[in-house]
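Colleague: Just the structure for this:
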Amino acid sequence: MRVLFFVEGFTDIRFLVGLSGICDLTVALPGRAYRSSGLMDRVAASGARLRVVEIEGGRAAYQVRSLAYLWRRAGEFDVVLAQEMLRGALNATVVGALRGVPVVTYMGISPIEYFRCRRERGQIGALTAWGGEAAIRTLMRVNGALASRALVMGPYLAGVAAPFSPRVAQGRYYGVDMTRFRPATADERLDVRRRLDLPRDRFLILLSSRISHEKDPETVLRAAALVRARGVDAVVLNLGGGHREFVALAGTLGLESPAEWVLARPAVHPMEGLADYYRAADVLAQGSLAEGLGLSPLEALACETPVVATAIGGMAAHLAPYAALTPRRDAGAMADALLRVATDPTQARADASRGREYVQRHWTRDAAFRELRAVLAEVVEERPAARAREEHA
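Modeller: Numbering: from 1, shown residues only. This is a model prediction of the structure:
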């Protein structure tokens with residue numbers, strides 16, 4: 001299949017590599033973000049067979065230029081895969097409807113819930129919050145009506161998308177590569193920590209997440225501080241693009257001596273070094289105000305690393321039997337869960353082992369792209385039938 005993946009912002013190298021393996025792939029995306037994020041270098045190093053079209057300009061210019069590009073080139077593809085269900089996808093769904101090219105939107109977040117986090121954090125006022133939410137609902141409704149499928153990551157987001165589209169299908173995004181994300185023995189864990197220059201004899205809490213409005217690093221930091229106050233020599237390590245902001249945030253929360261136990265490093269290549277950080281950690285802590293799926297906890301469980309996470313969104317839907325889920329913004333409850341892992345690591349890893357079995361059954365990389373190909377092929381096969389019905393009518 002000739003597939004155009006139309007990207008509104010940033011996308012993951014794991015998804016691009018996997019997608020390139022199931023189709024003849026062209027990717028159209030914002031040139032500025034492609035270069036500044038490091039994705040361009042990762043694509044070059046990956047050896048993936050794909051063509052990249054860089055569309056320049058800020059938000060408004062990108063919208064206009066991407067619309068022009070789609071109008072000229074959409075007919076060259078069997079199907080367009082559009083990222084999310086918002087403004088970027090609008091160009092794809094409108095052009096697809098006018099040019100007779102099927103479009104599949106792929107939603108990985110809960111847009112309204114994520115946007116509401118901005119208001120909760122005081123980043124926007126009441127009027128902007130009202131107008132923005134109305135715009136998001138309108139975009140989701142239009143895109144849901146025009147797209148051939150509204151593909152979403154997991155059953156929680158299927159429920160989010162259902163009011164806006166009659167044709168919702170579930171996907172697994174890039175899934176979990178079980179050959180990379182695998183358990184480590186106690187000795188291997190020490191070896192990995194030595195190689196990564198991580199503390200060897202301290203309780204290592206990993207926060208593998210960017211610092212953005214829908215995440216809740218504050219609760220993770222406060223919970224870790226409470227664990228330390230109870231006698232556990234805990235450290236928190238953040239991996240992500242906002243690692244400097246994470247360190248700065250720790251200094252604003254009134255925590256005791258954060259410089260001694262708050263660590264941060266830049267984002268690690270997800271297909272090379274990321275798995276070792278999960279394997280080295282004692283526990284993954286995922287604090288969120290809103291969450292569409294939660295692939296980081298699934299990756300941790302694949303490594304049989306215990307998970308403590310907020311009982312919200314997709315994490316509440318998927319992780320309950322295998323992770324310790326705590327109420328939203330409840331640092332005390334998260335501290336209790338972390339302390340249970342620290343005091344009984346054998347039981348915590350036994351729970352995580354059952355989590356690995358769950359990931360193996362439902363979230364593998366191979367299954368993710370096999371099913372994605374099936375959805376795209378199904379949409380392509382429907383295209384001639386739809387045209388025949390139109391001609392007959």
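Colleague: Now do the contacts for the nearest residue to residue 188 once chain neighbours are set aside.
Modeller: In this structure, residue 188 finds its nearest non-sequential neighbour in residue 279, 7.1 Å apart by CB to CB, 6 or more residues apart in numbering. Yep, even glycine has a C-beta here, placed from its N, CA and C like the rest. Listed by CB atoms under 8 Å, 6 or more residues apart in numbering, the contact set of residue 279 reads 182-184, 188-189, 192, 303, 305.
Colleague: Return the entry from those with the maximum number of neighbours.
Modeller: Among those, residue 305 has the most neighbours (other CB atoms under 10 Å), with 29 neighbours.
Colleague: Please name the residues that touch it.
Modeller: The neighbours of residue 305, taking CB under 8 Å, 6+ apart as the test, are 206, 278-279, 281-284, 349, 352.
Colleague: In a markdown table: those residues, plus distance to residue 240.
Modeller: As requested, the contacts of residue 305 are exported to a markdown table (distance: CB to CB, whole Å):
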| residue | distance to residue 240 |
| --- | --- |
| 206 | 11 |
| 278 | 14 |
| 279 | 18 |
| 281 | 14 |
| 282 | 19 |
| 283 | 17 |
| 284 | 13 |
| 349 | 25 |
| 352 | 22 |
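Colleague: Restricted to strands, list these.
Modeller: Counting by DSSP state E, the contacts of residue 305 place 206, 283-284 in strands.
Colleague: Can you tell me what sits against stretch 46-53?
Modeller: Counting by CB under 8 Å, 6+ apart, 13, 16-17, 19-21, 25-29, 34, 40, 43, 69, 271 sit against stretch 46-53.
Colleague: Narrow those residues to just the buried residues.
Modeller: Those of the contacts of stretch 46-53 that meet the buried threshold are 13, 16-17, 19-20, 25-29, 34, 40, 43, 69, 271, by 16 or more other CB atoms under 10 Å.
Colleague: Looking at those residues, which gets the smallest pLDDT?
Modeller: Checking pLDDT across the buried ones among the contacts of stretch 46-53, the minimum falls on residue 271 at 86.
Colleague: Surely that residue touches residue 13?
Modeller: Yes - in this structure, residue 271 is within contact of residue 13 by CB atoms under 8 Å, at 6.4 Å.
Colleague: I'd assumed residue 308 was in a strand, is it?
Modeller: Yes - applying DSSP: H, G, I helix; E, B strand; the rest coil, one finds residue 308 inside a strand.
Colleague: Quick check, pLDDT for it.
Modeller: Looking at residue 308, the pLDDT reads 97.
Colleague: give the contact list for it.
Modeller: Here residue 308 is in contact with 283-286, 323-326, 334, 337-338, 341 (criterion: CB under 8 Å, 6+ apart).
Colleague: Redo the residues you listed as a markdown table? Include neighbour count.
Modeller: Shown next, in a markdown table, are the contacts of residue 308 (neighbours: other CB atoms under 10 Å):
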| residue | neighbour count |
| --- | --- |
| 283 | 25 |
| 284 | 27 |
| 285 | 31 |
| 286 | 26 |
| 323 | 28 |
| 324 | 22 |
| 325 | 21 |
| 326 | 24 |
| 334 | 28 |
| 337 | 24 |
| 338 | 29 |
| 341 | 26 |
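Colleague: can you tell me which of those are in strands?
Modeller: Those of these lying in strands (DSSP E): 283-286, 324-326.
Colleague: doesn't residue 254 fall inside a helix?
Modeller: No - Residue 254: not assigned to a helix; according to three-state DSSP it is coil.
Colleague: What is the neighbour count of it?
Modeller: Residue 254 - counted by other CB under 10 Å - has 9 other residues nearby.
Colleague: Same check on residue 382?
Modeller: Neighbour tally, residue 382, other CB under 10 Å: 13.
Colleague: Could you measure from it over to residue 149?
Modeller: To residue 149, residue 382 is 10 Å away according to CB to CB, to the nearest Å.
Colleague: Residue 80 in helix, strand or coil?
Modeller: Classified using three-state DSSP, residue 80 is strand.
Colleague: Only the C-alpha atoms, please, for stretch 38-48, written as PDB.
Modeller: Extracted C-alpha coordinates of stretch 38-48, given in PDB (Å, rounded to 0.1, in the frame of the first residue of the first chain):
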ATOM      1  CA  GLY A  38      16.200  15.100  16.700                       C
ATOM      2  CA  LEU A  39      13.800  12.900  14.800                       C
ATOM      3  CA  MET A  40      15.600  13.700  11.500                       C
ATOM      4  CA  ASP A  41      18.800  12.200  12.800                       C
ATOM      5  CA  ARG A  42      17.000   9.100  14.200                       C
ATOM      6  CA  VAL A  43      15.300   8.500  10.900                       C
ATOM      7  CA  ALA A  44      18.600   8.700   9.100                       C
ATOM      8  CA  ALA A  45      20.200   6.300  11.500                       C
ATOM      9  CA  SER A  46      17.300   3.800  11.500                       C
ATOM     10  CA  GLY A  47      17.800   2.800   7.900                       C
ATOM     11  CA  ALA A  48      14.000   2.800   7.500                       C
END
